[in-house]
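Visitor: structure here, sequence nowhere to be found:
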């Protein structure tokens, strides 16, 4: 079969799946049993996949890496990725004036090789998989016309799909609604139909897609925040209804994960003071609460544990699965010029959150993030000897090996899968 015939068959299968889901038609043959049938016992990561270089197919410049100020290039990330395992043709030289004469290099997310390596790290260290982030605000104009960047985002999602399958990992799509207007639901629905029609999303034949309680998982992040978003709860409710009733592969639709504010249950602080939020949440299946920046030390983690315990109880009473968010640290000096850092403490901060989440009754967890060097929340390998220059400095993991946070997350995942409690102190690496 030619490559063109293969693409046609994939697109035709996607269209037939979309029609079957839309009209409730059962497939003639039963769908294969999902390889990843439940989120219980899983530790998943967020995968931004939004980094670009001038060397890649997207031709979007130094997206999420650099910006120009007064004619000089300056970094917007506090870390650089480890490029030591990348082939020379994968690396892109950065136009930074480094004081020691060294060269800074970066990798694009729009690369099958880079994405494949990332998922191979997940497999190697025992991390269950990733929620691939998708940002419709970057992909569509307000009239729903596609932006040029959509093709690059489609490729990255396809690379994640293939890499997850070949490495035995799970993946699912997480729509980040940030930046969308009042037509947020229409934009997301249009994008979903585009993904199905073009075969980027392959429906029941996709063995790597994460399932939960018999249904494939879809995530909607940015529901119920009080930060003056231009879409409201009505749009979020419409999306939950769409994925549960209209978009699914046959009867039953999707298991919907909602990305909520940390204080969603009490409707305070970062959450909208609107009881309708709880009505939307009860229509979903999985609750995922955003914790990045909500605490910064041991005392904060103890407070988070108390919040999570009540969240988990609320979810159990409502028939929902609770999936708290943990993160390794935070830093955005180069991005924001701010010294407001949450120290990693060589992994103690991250491990204490895993342990607190288990004690609070969580059966699964979400790590923010796998590759998010913009805000210094990444767990993947970084350049541990980065160059420095006038007006900027990169951070590293210091004396720790560059894979320290991958290993630590894998250790937590192993204990989550076993159902065992996590010890208070860091595990010893053999």
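Guide: Yep, that arrived. Just so it is clear, the model here is predicted, and its values are computed rather than measured. Numbering: from 1, shown residues only.
Visitor: all strands of the stretch 101-250 of the chain, in order?
Guide: For the stretch 101-250 of the chain, the strands identified by DSSP state E, counting those that start in this stretch occupy 105-106, 129-134, 170-176, 211-212, 215-221, in order along the chain.
Visitor: the closest residue to residue 94 other than its chain neighbours: neighbour count?
Guide: With CB to CB, 6 or more residues apart in numbering as the criterion, residue 94 has its nearest non-adjacent residue at 4.1 Å, and that residue is residue 104. Quick note: C-beta positions are derived from backbone N, CA and C, even for glycine. The burial count assigned to residue 104 is 24, neighbours taken as other CB atoms under 10 Å.
Visitor: try residue 293
Guide: For residue 293, the number of neighbouring residues by other CB under 10 Å comes to 14.
Visitor: you'd agree it is up against residue 330?
Guide: Yes. In this structure residue 293 lies within contact range of residue 330 using CB atoms under 8 Å: 6.2 Å.
Visitor: which residues are in contact with each of the two?
Guide: Taking CB atoms under 8 Å, 6 or more residues apart in numbering as the criterion, residue 293 and residue 330 both touch residue 342.
Visitor: residue 76 versus residue 68, what's the distance?
Guide: For residue 68, the distance to residue 76 (CB to CB, to the nearest Å) stands at 11 Å.
Visitor: tell me the SS of the residue nearest in space to the middle of the chain?
Guide: Centrality entry for the chain: nearest residue to the mean C-alpha point is residue 46, 2.3 Å, by CA atoms, centre = their mean. For residue 46, the secondary structure call by DSSP: H, G, I helix; E, B strand; the rest coil comes out as strand.
Visitor: hmm, residue 375 and it touching each other?
Guide: No. Taking CB under 8 Å as the contact criterion, residue 46 and residue 375 are not neighbours in contact, 11.5 Å apart.
Visitor: host element of residue 417?
Guide: Secondary structure assignment for residue 417, by DSSP states H and E: helix 404-418.
Visitor: quick check: angle from that helix to strand 129-134?
Guide: Angle, helix 404-418 to strand 129-134, by axes from the mean of the first three to the mean of the last three CA atoms, to 10 degrees: 120 degrees.
Visitor: chain center to helix 404-418: distance?
Guide: The gap between where helix 404-418 is centred and where its chain is centred comes out at 17 Å by CA atoms, centre = their mean, to the nearest Å.
Visitor: so which elements touch that helix?
Guide: Counting contacts by 3 or more CB pairs under 8 Å, 6 or more residues apart in numbering; DSSP states H and E, the secondary-structure elements packed against helix 404-418 are strand 43-47, helix 112-125, helix 348-359, strand 365-367.
Visitor: buried residues, it. List them.
Guide: Of the residues in helix 404-418, those scored as buried under the neighbour-count criterion (16 or more other CB atoms under 10 Å) are 404-413, 415-416.
Visitor: again with stretch 381-395
Guide: Within stretch 381-395, judged by 16+ other CB under 10 Å, the buried ones are 381-384, 386-387, 389, 392, 394-395.
Visitor: and if you look at stretch 344-355?
Guide: 344, 346-347, 349-355.
Visitor: ok, now which ones touch residue 80?
Guide: For residue 80, the set of contacting residues under the criterion of CB under 8 Å, 6+ apart consists of 104-106, 373, 382-383, 386, 394.
Visitor: distance to residue 189 and pLDDT for those - can I get that in CSV?
Guide: Compiled in CSV, those are given as follows (distance: CB to CB, whole Å; pLDDT from 0 to 100):
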residue, distance to residue 189, pLDDT
104, 41, 94
105, 39, 97
106, 34, 98
373, 32, 97
382, 37, 98
383, 40, 97
386, 42, 95
394, 40, 95
